[in-house]
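# Can you look at this prediction? I've put the sequence above it.
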Amino acid sequence: MKVQDCMLAAALALAVPLLAVADGSVVSYVEAKNATNPPPAKALHEFARFDIAPIAMDVPYAGQSANEDARKRLQADLDLRVQPLLAQWNAANGQGHALQIEPTIRHIKFIGGGARFWAGAFAGGSAVLMTVKLTDRTTGETIAEPEFYQHANAQGAAWSFGGTDKAMLGRETQLIADYLKDNYDHAVGGPTGKDG
């Protein structure tokens with residue numbers, strides 16, 4: 001086999017995964033509007049019941065395998081951090097209004113393990129922007145809709161074999177859990193993750 005043929009085969013082997021990654025990349029970079037979320041209209045301890053919906057994700061992000069994997073990871077981590085908190089609050093409070101918590105992925109670009117393996121830093125960085133709508137189910141009033149943002153650097157993700165892509169998801173759910181905890185006793189707001 002000639003040297004030119006070997007070089008062409010190597011270039012094609014690299015190009016195919018890169019094209020697959022580019023095809024699934026809906027957003028190259030997203031960011032929260034502000035560094036700080038405003039406080040909710042009232043402290044969360046004023047509610048007697050807390051219910052959380054599964055994480056929603058709409059088109060064009062839904063249905064893409066890497067993004068669906070990211071949503072599953074986000075859901076598992078959010079359940080781990082928030083469900084015990086809500087169970088404790090539900091057990092402590094008596095009768096009164098219920099708070100509906102609705103997390104939604106607004107923008108996401110998640111680089112999966114295969115793409116990260118084949119393309120490394122060339123696959124780009126990962127990023128996620130979520131909102132969490134807090135609604136008084138009795139009155140229908142929106143109490144707050146904070147947003148949360150995290151990203152993973154392409155170079156760091158390549159060196160960690162996708163570890164920083166996955167760590168980004170854990171940081172995102174920690175921001176959400178912290179916002180809920182911090183606003184339970186007093187309505188104080190909290191960070192979006194934009195400057196983190």
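Now that the structure is in, tell me what you want to look at.
# Could you list the buried residues of whichever strand or helix holds Leu86?
Using DSSP states H and E, Leu86 maps to helix 65-92. Judged by neighbour count (16 or more other Cβ atoms under 10 Å), helix 65-92 contains these buried residues: 66-68, 70-71, 73-75, 77-78, 81-82, 86, 89. C-beta: built from backbone N, CA, C; applies to glycine.
# Tell me the one among those nearest to Lys166.
Arg73 (6.7 Å; Cβ to Cβ).
# is it true that that closest one touches Met168?
No. The criterion here is Cβ atoms under 8 Å, and Arg73 misses it with Met168 at 9.9 Å.
# what's the burial count for Pro103?
Residues lying near Pro103 (other Cβ atoms under 10 Å) number 22.
# Now do the contacts for it.
Contacts for Pro103 (Cβ atoms under 8 Å, 6 or more residues apart in numbering) come out as 52-53, 55-56, 78, 130-132, 176.
# Pull out the buried residues from those residues.
For those, buried by 16+ other Cβ under 10 Å: 52, 55, 78, 130-132, 176.
# Sort out for me which of those residues are in helices.
78, 176 (DSSP state H).
# For the protein, which segments are assigned as helices?
3-24, 65-92, 113-119, 154-159, 163-185.
# which stretch in these is the model least sure about?
Lowest mean pLDDT within the helices of the chain: helix 3-24, at a mean of 36.
# Please list all residues in contact with the residue nearest the centre of the chain.
Compute the mean C-alpha point of the chain, and by Cα atoms, centre = their mean the closest residue is Val128, 4.7 Å away. Residues in contact with Val128 (Cβ under 8 Å, 6+ apart) are 30, 70, 74, 105, 107-110, 149-151, 168-169, 172.
# All set now, cheers.
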